[in-house]
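> A structural model of the following input is requested.
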Amino acid sequence: MCITRYLKILWKIEDIKVIRYKAFQPSDFSCPIQCRNDLLFNVNTYQNVTSKTEEGILVLSANPSKFYISLNGKKILQQLDAFKIMYKIVSLKESAINLNYGDIGLYSVILVEDFYEYLKSSSNLRGNINGYCKKYKVGMIFMVPNVDSESAFLKNNEFLLNNIQPKQYVSNLFINISSTIPYITKRCLKLGNIHPHTNSWTLFNNSVYFSSVLSVNSSETLSVVIKDNGFYDDIEKVFFGGQMNYWIIQLLFHDTIIYFEPRLKNKFSFERYIQIDIDDIFVGQQGTRIVAEDVDYLIKSQKDLRENIDNFTYTLGYSGYFFRRGNSLEEKGDEYLMENKDNFLWFPHMWKHNHAQDHDESYLKAVMAQNRLFAENFKLPLVKGYAVSPQHIGVYPVLDHLYDAWKEIWNVTITSTEEYPHFKPMGGRRGFKYKNVSILPRQTCGLYTHTLYYHAYPGGYQTFLDNIFGGNLFFSILLNPYNVFMTHQQNYAHDRLAEYTFKNVVNFFKCYTNIKFKWVETSVLEKMYFETFPEEQKIIWTNPCDDSRHIKLLPSTKNCKDILLPNLLIIGPQKTGTTALANFLKLHPDVGTNDLLEDSFEEVQFFSNEYKYEKGIYWYSSLFQNAKNQSKNFIFEKTANYFDHPTAPVTTSSLLGYPFIIIVLKDPVLRAYSWYQHMKFHNDPIASKYTFEEIMLSNNNETIKLKSRCYTPGRYAFHLLKWLRYYPPSKIITIDSDTLLTDPSKTLTNLGKKIGLSDFNFNSVIKYNENKGFHCPVIEGHLKCLGKSKGRKYDKLPEKIIKDIDNLTMINLKRSVSQHIPDNNDYIGVVNYTNQVFRRAVKNGFEFTLMVVGESGLGKSTFLNTLFATELEKYEGNVIPPTQKVAPRSFYLTENKVKVKITLVDTPGFGDSIDNTNCWKPIMEYIDSKYSQYLSEETKIERKKKIPDERVHLCLYFIAPTGHSLREIDIKFMKNLHDKVNIIPLIAKADTLTPAEMNRFKANILRDIEKHGIKIYQFESDGGDEGSQAYSRVPYGIVCSNHVVETKAGRKVRVREYLWGVVEVDNLKHNDFVAMKEVLLKKHLVDLICDTANVHYENFRFNQLSGPFKGSNVDCDPMSQMEAENRILEEQFEATKKNMEKVYSEKVIDWELKLKERENKLAVVEKEQRQLLQSKREKLDQLTKEIQDIKMSIGYNENASSKSSPGEKKKKSTTLGLFHRNTKHEV
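Numbers count the residues shown, from 1 in each chain. Below you'll find the model as predicted:
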């Protein structure tokens, strides 16, 4: 009975239809402004002395602790974090601020958090800031708070900002069209109806010293953001009178930072790349998932976004287990999505949305294999190498078994996460690489699995809109050039919030900014990201136990109680007594250190050894197991090369927080001498061969590495500045090496007081050893001194050597810019002309364009690879395909501080066609186009300071190794080119000819060249025998290959291998490649550039500027020439005018005929409609008459009326939440 009743209930449930309310569709954003094209990208740049300042921002705050937590402070720091440059927050109460190191300024922008507090700071501090800004031409940014109107600085202050007006209401805002600040911001921007309408604005009056950036009226007499142009004190400044919680202020703050630090434009251009991931496309509770209609809207949404983002495509993440596990409508939706799967790109999660922290590697491989099989069965178009872990678990904090499983099953090379290094701040998210997987930072957009309806959005509908129009989503796109957004399939169901969100945020940016949105495949996005931010490739560990979100992502086997990290570091430098200090310090009962390592004895070197650092924090923490077991309060690690390691300051602070940093300082010269003796003791061949003086004072290439290790760690000020960027001064403790040596007990006692150690009598455990000549620790009643490699005594250095080395820094600085250092002042200085030329070359560099020409199959592309000993492009199977078109490629070479931009122009081969007439024409057109491009730039009214030089400086003409003489096509080709470019002939594949055949062939080629008057490049010999031999080898017979083999003598050579033997590329006895390279790159590179500019380009320029009549006399009367030109132009104008009149007449006649035809058609339609209307009226009259007859026949009473029963009630339509949802439909 019960079973029957249960089945009836189930039967009734099956009959219930699933109802979906119709999605609410709010109106889209409509741009209220229209811009002229000339206002869009008219961008200016502040010319600060960037070559003498580092990329850094100094933030001056009255109260740094409050600044961190204030709304304005958080918004400012988010932007500074996103710019990914160093910034430092310093209190205005500091008596002195370090602004430079030598001649290098540490900051390129000065940001003052509170304008009025800055005016109250010491005059000495303000004077130092002003002097620094003038010297390095550094700009200043002032945030002017909305203070009470009684402030003394409102009427009069040192910045000539008179009559500042706080607590004002603002209704409209206008960007000054002529302002130099806007970069991302459009110059035509106008805003009305500013909300919220509060008195939170500070306004400034304009004056002769200031220009408006953002005004409250079109006349620009009152401004919210104003710029001091530096007319008064030579320092440009920007003052902000609005708070950072309004989007236009954030936008202009962003542009101001870029204006004062133009190097950021290389990373933060107008382009924003967008990838939108839809996670968990099948995962969700019944009733929350997408249905078939949602799929159609998703396709439409993708199409709408493509109007502003070329080729944009949604990427869908799937867990195959949940396919068709919704209600009936949702199952049909899943099926319909699969029918339209090719409209999107797909990537895998886990089969059952499994969390990596809950399973071992074998289980993860199994569920990944199931998910992969699902994709193969449905033939999903997958994004190659991309996957996302559910809830990002295992990506960071890293779980190695997830990466290993990914590699084996999916060959994953790219993923993304929002958790590295932390979820907040948003601007601080970074990318990294781990186990050959690139991790891109992921962004959130304010939509989650529970945001299905507008009316149910957390905080209300207005909060949803604020997020798009100037809120966190707007901010995220502004700050990130590359955006990978996380959304969920629920955001595309019901009200479809995601579709509205991204369509309108793109339109909002398009309206008010110059940003251009782009979409590329994930692999391309990854490549571009790490090319823009290469410093992010190395992972920087953080402590997961310091982040509540990261704690939840840890597996059960990783307990925070098991993670023990040091709170004190002895960082060096080497050879200053750090080992002795460590041995003495661990005598204290409350102090522990790391366990000994087999490969590095007492030093861990975790932060300075990439291999060890890759092992991660759990490995590092395991090294302090004994200290943990003994419950030590202080745990330290000593590694002496941390001090001068370039990344140790950031990696230590990121993982350890703010441990005490102990630095032992010794006279730099004596420290260098000690290192030299250390290397000599260990039988270093260079130290054994040269004296200390020879190593330090000579510029021998053989000694340069040892000299660097002697000299570099002793640059104490330079390295200390790096540590002070990441640690407060209170955490850095310096110890004098001499005091440590003579009185270690006193030194340790003082150190203990500074770090908070309990009192301990170090005298009782540290004793002087007469035999050793230094102090040793007492362990179990016995002196335990360091080994024989420690504490050695050396011969005393002569004072002269110490003095000479003390001057080493100055001498090296002068030599670094090739400045001559005379022994006396009796000289004029013209001898330094070559030094000045070299210095200018170092500064500006060179540009050189090399073109290779010849028939197909002669190895032109292989030659380019061989010339620069690299693979300029990778080819499948190492087989280089034939070049199809003129293909320029550029790269930079830097040698001894001289930078050369090399452009290689590979050209398509010729000679294969039946008709080779004019086969040289594309190459000539390319050469002429580059001359024209240079001439166009040169003749502009406003020329660039340095015009990019893409002119072809040399053409290497490849001759087939026929062994006879030049072919007709070779002669014609070179004769057509020799007046346009420098030509050097090369004989390709010289290994196909015997030496005798090669000599005869060269003689025949030179004879043909002279006979036909072909002008090849003539080298000017430098007079050396070796050089003369190189010049005599023209035309050069060359062999090309990058294949390297090792000879029996251990020498590595590039060869071409044959059954009969090998041909060495770099052997003059085998071919002329080395001779050709010698004269081309080493001796005549500048000559070729100069000859191109002074001869070939000048000929081209003369022909172009000598008048419109080819062959005309240059000395003709200018007035006559102008009249002739005017006649030609008038004739052209008259011809064009007649042609346009004719076209216009034809168009008018054509339209008249079309209109007449349409009128006739409309007349016919009108007649038919009138006839139809008349017939319907007649029918209506007939029906009306019949009704009246029926009424009369039955005696119908029209006055009778029926009333509704008083019990009936009219049903009211219901409204669900904020929006009317009475309309229902079945999907």
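> Enumerate every residue touching the most centrally placed residue in the chain.
For the chain, T532 is the residue whose C-alpha lies nearest the centre (Cα atoms, centre = their mean; 2.6 Å). Residues near T532 by Cβ atoms under 8 Å, 6 or more residues apart in numbering: K267, P481, Y482. For the C-beta atoms, the positions are set from N, CA and C on the backbone; glycine is no exception.
> Hmm, the first one is touching L479, no?
No: under the criterion of Cβ atoms under 8 Å, K267 is not in contact with L479, lying 11.4 Å apart.
> Which of the two has more residues huddled nearby?
Set side by side, K267 and L479 show more neighbours around L479, with 22 against 13, by other Cβ atoms under 10 Å.
> In this structure that one contacts Q79, no?
Yes: using Cβ under 8 Å, L479 makes contact with Q79 at a distance of 6.5 Å.
> hang on, L986 in a strand?
Yes: assessed by DSSP: H, G, I helix; E, B strand; the rest coil, L986 belongs to a strand.
> Which positions in stretch 275-286 come out as buried?
Going by neighbour count (16 or more other Cβ atoms under 10 Å), the buried part of stretch 275-286 is Q275, I276, D277, I278, D279, D280, I281, F282, V283, G284.
> do the same with stretch 423-432
F423, M426, G427, G428, R429, R430, G431, F432.
> Contacts only, for the second one.
Taking Cβ under 8 Å, 6+ apart as the criterion, M426 is in contact with Q78, Q443, T444, N472, F475, S476, L479.
> do the same with S608
By Cβ under 8 Å, 6+ apart, the neighbours of S608 are T639, N641, Y642, H645, A648.
> Including distance to G592, pLDDT and neighbour count, could those residues go into JSON lines?
Converted to JSON lines, the contacts of S608 look like this (distance: Cβ to Cβ, whole Å; pLDDT from 0 to 100; neighbours: other Cβ atoms under 10 Å):
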{"residue": "T639", "distance to G592": "16", "pLDDT": "95", "neighbour count": "26"}
{"residue": "N641", "distance to G592": "22", "pLDDT": "93", "neighbour count": "18"}
{"residue": "Y642", "distance to G592": "19", "pLDDT": "96", "neighbour count": "29"}
{"residue": "H645", "distance to G592": "24", "pLDDT": "94", "neighbour count": "20"}
{"residue": "A648", "distance to G592": "22", "pLDDT": "96", "neighbour count": "23"}
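> And F464, how far from Y297?
18 Å (Cβ to Cβ, to the nearest Å).
> no no, F142
Counting by Cβ to Cβ - F142 and Y297 are separated by 48 Å.
> These two - which one has more neighbours?
A direct count of neighbours by other Cβ under 10 Å for F142 and Y297 places F142 higher, at 23 against 17.
> Now do the same for that one: helix, strand or coil?
strand.
> so it makes contact with V112?
Yes: counting by Cβ under 8 Å, F142 does reach V112; the two are 4.8 Å apart.
> Now tell me which helix or strand of the chain has the poorest mean pLDDT.
strand 1224-1225 (a mean of 39; mean pLDDT, DSSP states H and E).
> Show me which of the buried residues of stretch 275-286 is closest to Y1017.
Q275 (50.6 Å; Cβ to Cβ).
> Looking at the lengthiest helix in the chain now, give me its mean pLDDT.
The longest helix of the chain (DSSP state H) is helix 1118-1194. Mean pLDDT, helix 1118-1194: 81.
> chain center to that helix, what's the gap?
From the chain centre to the centre of helix 1118-1194 is a distance of 57 Å (Cα atoms, centre = their mean, to the nearest Å).
> any idea where the strands of the stretch 401-550 of the chain begin and end?
Assigned by DSSP state E, counting those that start in this stretch, the strands in the stretch 401-550 of the chain fall at 414-417, 432-434, 437-444, 482-488, 516-518.
> looking at those strands, which is buried most?
Per residue and on average, the most neighbours among the strands of the stretch 401-550 of the chain fall to strand 414-417, with a mean of 25 (mean count of other Cβ atoms under 10 Å).
> Contacts made by it with the rest, please.
Strand 414-417 has contacts (Cβ under 8 Å, 6+ apart) with 277, 385-389, 392, 395-396, 406, 437-442, 484, 486, 522-523, 526.
> Helix, strand, or coil at N641?
Quick answer, by three-state DSSP: N641 is coil.
> what about K940, neighbour count?
Here the number of neighbours of K940 (other Cβ under 10 Å) works out to 10.
> Mind listing what's buried along stretch 308-317?
For stretch 308-317, by 16+ other Cβ under 10 Å, it's N308, I309, F312, T313, Y314, T315, L316, G317.
> Over to stretch 288-301?
T288, R289, I290, V291, A292, E293, D294, V295, Y297, L298, S301.
> Nearest to Q25 among these?
Lowest distance from Q25 to the buried residues of stretch 288-301 (Cβ to Cβ) belongs to Y297, with 9.8 Å.
> List the residues that contact V505.
I468, F469, L473, F474, I477.
> Just give me the closest of those to R967.
I477 (60.0 Å).
> Mind picking the one among the buried residues of stretch 308-317 that's closest to I686?
The closest of the buried residues of stretch 308-317, once distances to I686 are taken by Cβ to Cβ, is T315, at 55.5 Å.
> The closest one and D644, how far apart?
From T315 to D644 the distance is 45 Å (Cβ to Cβ).
> Show me the domain layout of the protein.
37-266, 271-536, 564-666+732-783, 841-1105 (automatic domain parsing).
> Let me know which of those domains is the nearest to C710.
Using Cβ to Cβ, the nearest of the domains of the chain to C710 is domain 564-666+732-783, at 9.4 Å.
> Please work out the average pLDDT along stretch 547-563.
90.
> Can you classify N701 by secondary structure?
coil.
> ok, back up a step: Serialize the buried residues of stretch 308-317 to JSON lines and add fields for pLDDT and distance to K1052.
Output for these, formatted as JSON lines (pLDDT from 0 to 100; distance: Cβ to Cβ, whole Å):
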{"residue": "N308", "pLDDT": "95", "distance to K1052": "54"}
{"residue": "I309", "pLDDT": "96", "distance to K1052": "49"}
{"residue": "F312", "pLDDT": "98", "distance to K1052": "49"}
{"residue": "T313", "pLDDT": "98", "distance to K1052": "47"}
{"residue": "Y314", "pLDDT": "98", "distance to K1052": "51"}
{"residue": "T315", "pLDDT": "98", "distance to K1052": "45"}
{"residue": "L316", "pLDDT": "98", "distance to K1052": "50"}
{"residue": "G317", "pLDDT": "98", "distance to K1052": "48"}
